[in-house]
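*Asks:* mind folding the following:
(one chain, ligands or ions: 2)
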Amino acid sequence: MSLSSTHTVYPDLRSWLRRLSETDRVAVLRENTPLKHRLAAIAKRLDGSKAAYFPKPDGHPIPVISGFMSRRGWIAEAMGVDEGELLARFRQAADNPLPWKETPAGQAPCQQVVHREVDMHDLLPIPTHSEHDSGPYITAGMVIARNPVTGVQNVSINRIQVHGKRRMALLMLPRHLHAFYKAAEAAGQALPIAIVIGADPLTLLASQAITPIDYDELEIAGALHGKPLEVAKCLSNEVRVPAHAEIVIEGRILPGERDEEGPFGEFPKYYSAREFREVIDVDLVSHRRSPIYHTIVPAEMEHLLLGSIPREATLLAHLQRSFPGVLDVHLSIGGVGRYHLFVKLRKTHEGMPKNVILCAFGAHYDIKHVVVVDEDVDVHEPQQVEWAVSTRFQADRDLVVIAGAQGSVLDPSTTLYHGGRDTAELELHQQGMSAKMGLDATRPVRYHDHVFTKVMIPGEKDIDLSAEVVPGVRIDWDSL
Ligand SMILES: Cc1cc2nc3c(=O)[nH]c(=O)nc-3n(C[C@H](O)[C@H](O)[C@H](O)COP(=O)(O)O)c2cc1C
Ligand SMILES: [Mn+2]
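*Replies:* Ligands and ions are numbered 1, 2, ... in the order given. As a prediction, this is how the structure comes out:
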């Protein structure tokens, strides 16, 4: 494996958008697209085929971009590797973070323009996405905070609802940002944060790395770029942000305050309920001259891939530690890039796939269904996985079911554990209980004759159709 990428080709969002434009992968939409629903509807229709660029949405001077990393191949391209090397490259970067480098004060592009009097309703073109969303949401904001105890930074993407001129509410699932906030709140203090919008693809991807606490994801971004990420110190607090970002919102998550947030259409393609959540007070907004605002359409490819690729990299490493025969993994798009894991295994012992299944359940609570297949099945092709299930799996022998484990709170079927009550009616500790299912869709290690040999035609893979098919010939069927 070459893992050829040595240093970054796309240090900021603009250079990546230039690349997409030059290769006809950006659709420029009409001016004045409404920010409510219409913009997201158009971006959703283009998702996975072209990035969508909206000049003057609702007449707003700041343009909106969406869907610039909505294919696996594009993400591999931004990294400078082949698609097959994507997970190994991400893993290599996550294992070898590079400390960032601070840009001298006053030189960061993301601070070229500073607004100290802000009204979040009209300073930025923030879309309202799905039908029942409770209002405009920032969906591609990387929230950066420092651990109040150690000072080490953390990066995550969190959905943020705009409530007032300077007031917003966010969802923090119980991970690193939430832990920092809890530590600050316990001391009666606000947690200073920066919300970064319009980062380069590799920094966005790095924000989704699954790491222990006190690993600054901006260092993984540096490793992905092959050189230290240039950062700037915020103007109102100590947080460091990618210097080449388009827009930065500086603020604090307030102690002891909660506001209603939601409903909001989430990645499983269902709404999460309205609940009381933590509140952000905005201190200032800075941006590049003529900034570009990024919005992610929830549950579409950009959202699913951003989460699934770093997870796949972590899951592959986790499984390979115990099972060197694990060759590849894929979190399928039908399983919203989170719940369905397909594992390709070089099986050497009967029973081994069941051990792999159990290991995968332990690797992340979101994993709900695991399918293990043989080497001749491409885990990136759901139809091939289904073929393996239909021809190599026997439910009485090859099925693993575990009742009442921890699952994803955003999976609506988990509410069935509690008589279908709405998740919001349950206490936090009761939410997300879920069954797990594993399917061993591998063939026996030894079998007779050609019972399990996949039908192939000699030469089929090597045929160059353009050399075989004669172009432009019409047959007159009646005169034959
Ligand atoms: C588009 C997008 C939106 C997300 N929204 C949220 C959110 O609202 N709340 C949350 O806790 N995690 C959200 N996530 C997931 C976190 O950003 C992700 O799990 C991150 O790696 C967590 O970082 P941490 O492990 O440093 O805490 C989102 C991810 C993506 C890609
Ligand atoms: Mn983290």
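
*Asks:* closest point of the stretch 251-400 of the chain to ligand 2, which residue?
*Replies:* Closest to ligand 2 within the stretch 251-400 of the chain is residue 310: 10.9 Å, counting by C-beta to the ion. In short, each C-beta sits where N, CA and C put it, glycine included.

*Asks:* and that residue, helix, strand or coil?
*Replies:* Of the three states, residue 310 takes helix under DSSP: H, G, I helix; E, B strand; the rest coil.

*Asks:* how much space between it and residue 75?
*Replies:* 10 Å (C-beta to C-beta, to the nearest Å).

*Asks:* give me the common contacts of the two.
*Replies:* Common contacts of residue 310 and residue 75, defined by C-beta atoms under 8 Å, 6 or more residues apart in numbering, comprise residue 205.

*Asks:* circling back to that earlier point, if you skip the residues just before and after it, what's nearest to the residue of the stretch 251-400 of the chain closest to ligand 2?
*Replies:* In this structure, residue 310 finds its nearest non-sequential neighbour in residue 208, 4.3 Å apart by C-beta to C-beta, 6 or more residues apart in numbering.

*Asks:* again with residue 299
*Replies:* Residue nearest to residue 299 in three dimensions, not counting chain neighbours: residue 269, with 4.6 Å by C-beta to C-beta, 6+ apart.

*Asks:* count of residues packed around that neighbour?
*Replies:* Residues near residue 269, counting by other C-beta atoms under 10 Å, number 13.

*Asks:* so it, which of the three states?
*Replies:* coil.

*Asks:* pLDDT score for it?
*Replies:* The model reports residue 269 with a pLDDT of 97.

*Asks:* for residue 298, see how far away it is.
*Replies:* From residue 269 to residue 298 the distance is 8 Å (C-beta to C-beta).

*Asks:* with residue 184 instead?
*Replies:* If you go by C-beta to C-beta, the gap between residue 184 and residue 298 works out to 28 Å.

*Asks:* what do you get for residue 155?
*Replies:* Distance, residue 155 to residue 298, using C-beta to C-beta: 19 Å.

*Asks:* which of these two has more residues huddled nearby?
*Replies:* Counted by other C-beta under 10 Å, residue 155 and residue 298 do not tie: residue 155 has more neighbours, with 28 against 23.

*Asks:* pull up the pairing partners for the longest strand anywhere in the chain, direction included.
*Replies:* Counting residues, the longest strand found in the chain (DSSP state E) is strand 247-261. Paired neighbours of strand 247-261 in the sheet (DSSP bridges): strand 191-197 (antiparallel), strand 275-287 (antiparallel).

*Asks:* what's the closest of those strands to ligand 1?
*Replies:* Taking C-beta to the nearest ligand atom, strand 275-287 is the member of those nearest to ligand 1, at 9.5 Å.

*Asks:* could you dump the closest one to CSV, C-alpha only?
*Replies:* Extracted in CSV, the C-alpha atoms of strand 275-287 (Å, rounded to 0.1, in the frame of the first residue of the first chain):
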residue,chain,number,x,y,z
GLU,A,275,-36.2,19.0,24.7
PHE,A,276,-34.5,21.5,27.0
ARG,A,277,-30.8,21.8,26.0
GLU,A,278,-27.8,23.9,26.7
VAL,A,279,-27.5,27.5,25.6
ILE,A,280,-24.8,29.4,23.7
ASP,A,281,-24.3,33.2,24.1
VAL,A,282,-22.5,34.6,21.1
ASP,A,283,-19.7,37.1,21.7
LEU,A,284,-18.6,37.9,18.2
VAL,A,285,-18.5,36.6,14.6
SER,A,286,-15.5,36.9,12.4
HIS,A,287,-15.0,35.8,8.8
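
*Asks:* hmm, that strand in reach of ligand 1?
*Replies:* No: Strand 275-287 is not in contact with ligand 1 by C-beta under 6 Å from any ligand atom; minimum separation 9.5 Å.

*Asks:* same question, stretch 84-95
*Replies:* No: shown here: stretch 84-95 not in contact with ligand 1 (C-beta under 6 Å from any ligand atom), separated by at least 11.3 Å.

*Asks:* off-centre distance for that stretch?
*Replies:* 15 Å (C-alpha atoms, centre = their mean, to the nearest Å).

*Asks:* then stretch 329-338?
*Replies:* For stretch 329-338, the distance to the chain centre is 11 Å (C-alpha atoms, centre = their mean).

*Asks:* give me the buried positions along it.
*Replies:* For stretch 329-338, the neighbour count (16 or more other C-beta atoms under 10 Å) marks 329-333, 335-338 as buried.

*Asks:* could you list the domains of this structure?
*Replies:* By the assignment in automatic domain parsing, the chain contains the domains 13-301, 323-440.

*Asks:* using a markdown table, lay out those together with distance to residue 453.
*Replies:* Output for the domains of the chain, formatted as a markdown table (distance: least, C-beta to C-beta, whole Å):
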| stretch | distance to residue 453 |
| --- | --- |
| domain 13-301 | 25 |
| domain 323-440 | 9 |
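
*Asks:* for the helix or strand of the chain with the lowest mean pLDDT, give me every contacting residue.
*Replies:* Taking mean pLDDT, DSSP states H and E as the measure, the helix or strand of the chain with the lowest value is strand 271-272, at a mean of 93. For strand 271-272, contacts defined as C-beta under 8 Å, 6+ apart pick out 130, 132-133, 171, 262-266, 410, 423.

*Asks:* go again using 6 Å as the cut-off
*Replies:* Strand 271-272 has contacts (C-beta atoms under 6 Å, 6 or more residues apart in numbering) with 132, 262-266.

*Asks:* partners of that strand, with directions?
*Replies:* Applying DSSP bridges, strand 271-272 is found paired with strand 264-265 (antiparallel).

*Asks:* state the mean pLDDT of the partner strand.
*Replies:* Across strand 264-265, the average pLDDT comes to 98.

*Asks:* determine how far that strand lies from the middle of the whole chain.
*Replies:* 16 Å.

*Asks:* then stretch 416-429?
*Replies:* The answer for stretch 416-429 is 26 Å, by C-alpha atoms, centre = their mean.

*Asks:* how deep is residue 451 tucked in, by neighbour count?
*Replies:* Neighbour tally, residue 451, other C-beta under 10 Å: 8.

*Asks:* er, residue 73 actually
*Replies:* Number of residues near residue 73 (other C-beta under 10 Å) recorded here: 10.

*Asks:* mind listing what the residue of the chain found nearest ligand 2 touches?
*Replies:* In the chain, the residue that lies nearest ligand 2 is residue 176 (3.8 Å; C-beta to the ion). Counting by C-beta under 6 Å, 6+ apart, residue 176 touches 154, 213.

*Asks:* now it: phi and psi?
*Replies:* Backbone torsions for residue 176, taken as degrees, to the nearest 10, come to phi -70, psi -50.

*Asks:* gap between it and residue 194?
*Replies:* Between residue 176 and residue 194 the distance is 15 Å, computed by C-beta to C-beta.

*Asks:* go on, residue 182?
*Replies:* 19 Å.

*Asks:* isn't residue 90 up against residue 315?
*Replies:* No: between residue 90 and residue 315 there is no contact under C-beta atoms under 6 Å: 11.6 Å.
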